[in-house]
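A.B. asks: I need the structure of the sequence given here:
(one chain, ligands or ions: 1)
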Amino acid sequence: MAKDSSSAKRKVHFEPGNIDVVVEKGAVLRDAAIQAGVRLVAACGGAGTCGTCKVLVEEGEVSTTRTAKLSDEEFNRGMRQACQTKVLTDLRVYVPVESRLETAVLTRERRGLSGATPATEALATGWKFGPPLTKYFLQLPPPTLADNVSDLSRLLRGLKQRYKLSNMTVDFDVVRKLPQALREQEWRVTVTTLVTAIESLTAMRRPRLVNVEAGDTRKKHYALAVDIGTTTIKGQMLDLNHGRVLADFAEYNGQIAYGADVISRINYCQKPGGLAKLQEAVAGTVNSIVEQLLAKSRVERKDVSHVSVAGNTTMLQILVGIDPKYIRLAPYTPVATYLPPVKANTLGINVPDHAYLFTFPLVASYVGGDIVAGVVAAGIHQTKKLTFYIDIGTNGQIVIGNADWMVTAACSAGPAFEGGEIKHGMIATNGAIEECDINAADCEPTIGTIGGEKPKGICGSGLINTVASLLETKIIGQNGKFQADCSSHRVRQGDDGREYVLAWAPETQTGKDIVITELDIQNLMRAKAAMYAGCQTLIKSVGVKRQEIQQVIIAGGFGSYINVDRAITIGLLPDLPRERFVFIGNGSLMGARLACFSTDIIDDVRRVAKLMTNFELSENADFMNNYVAALFLPHTDVEEFPSVVKRMESLISPGGGN
Ligand code: FES
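C.D. replies: Residues are numbered from 1 along each chain as shown. Take a look at the predicted model:
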């Protein structure tokens with residue numbers, strides 16, 4: 001199998017899965033995996049710095065650039081970083097469990113909600129059900145010699161007489177379909193109109209006539225709401241007649257193969273053909289979600305008339321095919337606040353040609369339509385309560401305000417919350433350790449994994465729980481370092497310094513001990529310090545005090561699964577009475593859904609985007625000071641975390657002492 005030949009084509013065989021792919025000699029092994037549909041974790045997007053794409057080359061020859069991410073033992077065994085390896089001959093490659101991106105587990109049982117209230121529906125109130133997309137049925141009189149106005153004039157006249165609709169714009173595609181549609185069912189037609197946020201709030205709404213169908217199709221009236229996250233994409237099929245969700249589905253964003261965070265995606269876009277590849281990847285994932293939604297809801301594709309999409313600035317720009325390069329270059333400008341609606345199928349999304357794609361407004365380079373959607377869904381624009389909205393993640397986003405004012409900022413927390421740059425870190429999927437309680441008496445952990453499987457790594461929420469537990473049991477100190485006097489056999493010297501063993505090799509899927517290292521703890525501390533410093537800086541900038549915050553709304557897929565008590569223990573969330581915390585879940589998807597159900601909400605979206613004042617933290621000296629002060633567990637300023645300090649004082653050390 002491993003023989004070289006004069007042909008430039010090489011076959012790569014992947015296991016498990018028994019998958020073959022033919023590539024050019026010299027192709028990068030990671031690209032071969034993408035081509036084969038073999039999903040590898042690739043957190044750094046192929047830069048060679050994360051080591052998450054390791055595979056075992058069982059047969060054949062490769063050339064590789066070795067990095068520090070590969071130990072001698074791994075290298076001698078045949079392990080290679082797929083992104084740093086070129087195919088020379090036919091190959092047989094084994095993908096170990098820790099490098100596989102398994103099927104997404106995107107909705108799971110909520111656990112560890114200690115001290116917070118989950119909101120299962122949007123918190124926004126008072127909006128009227130009235131979708132921006134409307135179907136009107138008309139029975140028109142056929143033309144006669146005495147009344148032989150054009151088909152379009154006849155249609156518009158009918159709309160004015162029957163529904164008092166005037167001043168419309170008409171899509172060319174409607175005109176093209178019109179002669180056939182009018183005559184197919186004896187001048188009985190249904191037209192679809194759309195109003196969007198692109199209309200000025202002060203102007204009269206000017207509906208756009210987007211579709212015409214023969215007969216009465218009013219009962220078949222559907223739209224899609226989509227949240228495009230950097231890690232996952234979630235979609236819902238909506239019934240616009242009854243304001244119901246008919247189906248939902250989620251998938252990992254296909255762009256993951258090109259890097260875990262927005263920066264690696266922006267960088268990838270700068271490669272030749274990079275933007276097109278990422279655009280195709282995201283459109284491909286949306287399409288696979290659309291297929292699932294159609295199948296689950298039994299809706300026919302032709303009856304889907306609208307797509308409402310929320311997402312961060314980078315994701316939305318890539319989706320519509322606009323280079324996100326200037327997002328990461330000072331002075332950090334997005335392409336536009338309002339992206340005009342665009343026909344969804346021109347972006348490669350497999351919906352009918354009359355369906356427009358509406359995107360939420362972008363406030364700044366790192367404060368995107370997902371935050372605007374979430375803030376509207378959370379009803380912050382309707383409340384007098386001083387509200388703190390937080391979406392924790394690699395690119396964390398925060399908002400403080402109420403109906404009268406809002407300030408916002410993005411905090412670049414790094415990938416630790418997604419399991420990135422953590423020795424045994426992983427995305428929150430089956431086998432990820434998400435719960436950890438350590439017994440103070442003997443330092444033994446009780447762990448829980450997603451899906452109840454044997455552990456294979458640790459996800460972001462598991463990391464928070466573990467570090468909080470290590471701190472509470474005083475196995476680590478407030479500087480995040482292991483205490484010198486800890487005698488537990490679980491604390492040992494590893495390759496990367498001191499570490500704590502969460503699971504022994506025989507208990508794990510990988511056959512290796514799963515540990516949390518001092519380096520991992522420092523990475524988590526940096527991530528939580530960035531989030532908390534952002535929060536402190538924003539609070540101070542508007543002249544309010546932490547205690548004055550009346551509600552804290554935690555949004556986002558990651559935030560849904562954190563334990564508030566423990567997030568406060570490590571200094572990630574502000575120390576406030578627990579009843580002030582509310583989990584809203586995927587606020588971005590909620591906002592996208594509401595915008596399909598109500599033109600009131602579309603107006604709110606415009607108003608919120610205008611109301612938000614963005615703070616650029618990367619240039620802010622106060623933020624840097626706050627960040628340094630937050631690099632401690634929970635914080636160098638004990639007055640910031642009174643309840644944690646009190647609890648810590650009451651806890652015992654390993655071995656029973658105080
Ligand atoms: S090291 Fe290969 S993707 Fe990061």
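A.B. asks: When you work out contacts or count neighbours from here on, use the C-alpha atoms and nothing else.
C.D. replies: Noted.
A.B. asks: ranges for the strands of the stretch 351-500 of the chain?
C.D. replies: Applying DSSP state E, counting those that start in this stretch to the stretch 351-500 of the chain gives strands spanning 356-359, 387-391, 395-401, 406-412, 432-438, 445-449, 457-458, 491-494, 497-503.
A.B. asks: just the stretch 51-200 of the chain next, same as before
C.D. replies: Taking DSSP E, counting those that start in this stretch as the test, the strands found in the stretch 51-200 of the chain are 54-59, 62-64, 79-81, 85-87, 91-94, 117-118, 133-139, 169-170, 188-194.
A.B. asks: right, and those strands - which one's nearest A468?
C.D. replies: Distance to A468, taken as CA to CA, is lowest for strand 117-118 among those, at 20.9 Å.
A.B. asks: And the lowest mean pLDDT element among the helices and strands of the chain?
C.D. replies: The helix or strand of the chain with the lowest confidence, counting by mean pLDDT, DSSP states H and E, is strand 117-118 at a mean of 54.
A.B. asks: On the pLDDT front, check the closest residue in space to T473 that isn't next to it in sequence for me.
C.D. replies: Once flanking residues are discounted, T473 sits nearest to A440: 5.0 Å by CA to CA, 6 or more residues apart in numbering. The score at A440 is 90. That number is its pLDDT.
A.B. asks: measure A440 to L471 for me?
C.D. replies: A440 sits 10 Å away from L471, going by CA to CA, to the nearest Å.
A.B. asks: Okay, now the unreliable bits of the stretch 201-350 of the chain?
C.D. replies: Counting by pLDDT under 70, the stretch 201-350 of the chain shows low-confidence ranges at 201-204.
A.B. asks: Which positions in the chain make contact with the ligand?
C.D. replies: Neighbours of the ligand within the chain, by CA under 6 Å from any ligand atom: 42-53, 81-83.
A.B. asks: For Q522, what are phi and psi?
C.D. replies: phi -60, psi -40 (degrees, to the nearest 10).
A.B. asks: before we move on, back to that, which residue of A440 and L471 possesses the greater neighbour count?
C.D. replies: Shown here are A440 and L471; by other CA atoms under 10 Å, L471 has more neighbours (24 against 21).
A.B. asks: Mind pulling up the pLDDT for the residue nearest to F632 when sequence neighbours are not counted?
C.D. replies: Nearest non-adjacent residue to F632, counting by CA to CA, 6+ apart: N479, 5.3 Å away. pLDDT for N479: 95.
A.B. asks: and N479, how many neighbours does it have?
C.D. replies: When neighbours are counted by other CA under 10 Å, N479 registers 17.
A.B. asks: Please apply the same query to P341.
C.D. replies: By other CA under 10 Å, 18 other residues sit near P341.
A.B. asks: correct me, but it touches Y356?
C.D. replies: Yes: using CA atoms under 8 Å, P341 is in contact with Y356, at 6.1 Å.
A.B. asks: and the residue in the stretch 51-200 of the chain that the ligand sits nearest to, what is it in contact with?
C.D. replies: In the stretch 51-200 of the chain, the residue found nearest to the ligand is G51; the distance is 3.8 Å by CA to the nearest ligand atom. Listed by CA atoms under 8 Å, 6 or more residues apart in numbering, the contact partners of G51 are A42, K69, L70, Q81.
A.B. asks: can you pull the contacts of the residue nearest the centre of the chain?
C.D. replies: Nearest residue to the geometric centre of the chain (CA atoms, centre = their mean): G229, 2.5 Å. Going by CA under 8 Å, 6+ apart, G229 touches N253, G311, N312, M315.
A.B. asks: From the ligand, how far out is it?
C.D. replies: 19 Å (CA to the nearest ligand atom, to the nearest Å).
A.B. asks: and which of the residues of the chain next to the ligand is nearest R208?
C.D. replies: Proximity of these to R208 was ranked by CA to CA; the top entry is G45 with 41.3 Å.
A.B. asks: May I have the phi/psi pair for the closest one?
C.D. replies: Torsion angles at G45 (phi, psi; degrees, to the nearest 10) stand at phi 70, psi 20.
A.B. asks: quick one: it and G419, what's the gap?
C.D. replies: 15 Å.
A.B. asks: thought E421 was touching C44?
C.D. replies: No: checked against CA under 8 Å, the pair E421 and C44 is beyond contact range at 9.2 Å.
A.B. asks: So which of those two has more stuff around it?
C.D. replies: More neighbours surround C44 than the other of E421 and C44, with 25 against 22 (other CA under 10 Å).
A.B. asks: In space, what's closest to the more buried one - neighbours in sequence excluded?
C.D. replies: Going by CA to CA, 6+ apart, C44 has G259 as its nearest residue, at 4.9 Å.
A.B. asks: Give me the contact list for stretch 476-494.
C.D. replies: In contact with stretch 476-494 (CA under 8 Å, 6+ apart) are residues 442-444, 470-471, 474-475, 498-502, 517-518, 521-522, 525, 631-634, 654.
A.B. asks: how about a cut-off of 6 Å?
C.D. replies: L470, I475, R498, E499, Y500, V501, F632, L633 (CA atoms under 6 Å, 6 or more residues apart in numbering).
A.B. asks: same thing with stretch 329-340?
C.D. replies: Contact partners of stretch 329-340, identified using CA under 6 Å, 6+ apart, comprise Y326, I327, P361, L362, S365.
A.B. asks: What is the burial count for N18?
C.D. replies: Neighbourhood size, N18 [other CA under 10 Å]: 9.
A.B. asks: What's the end-to-end length of stretch 82-100?
C.D. replies: Using CA to CA, one end of stretch 82-100 lies 12 Å from the other.
A.B. asks: tell me the mean pLDDT for that stretch?
C.D. replies: The model assigns stretch 82-100 a mean pLDDT of 92.
A.B. asks: list the buried ones in that stretch?
C.D. replies: 82-96, 98-100 (16 or more other CA atoms under 10 Å).
A.B. asks: residue ranges with poor pLDDT in this protein?
C.D. replies: The model of the chain has pLDDT under 70 over residues 1-7, 102-122, 197-204, 652-658.
A.B. asks: try it again with 50
C.D. replies: Within the chain, the stretches with pLDDT under 50 are 1-3, 106, 108-114, 198-199, 655-658.
A.B. asks: A621 - how many residues pack around it?
C.D. replies: With other CA under 10 Å as criterion, A621 counts 11.
A.B. asks: no wait, R77
C.D. replies: Here the count is done by other CA under 10 Å, and R77 has 12 residues near it.
A.B. asks: ok, and the closest non-adjacent residue to it?
C.D. replies: With sequence-adjacent residues excluded and distances taken as CA to CA, 6+ apart, R77 is closest to L56, at 7.7 Å.
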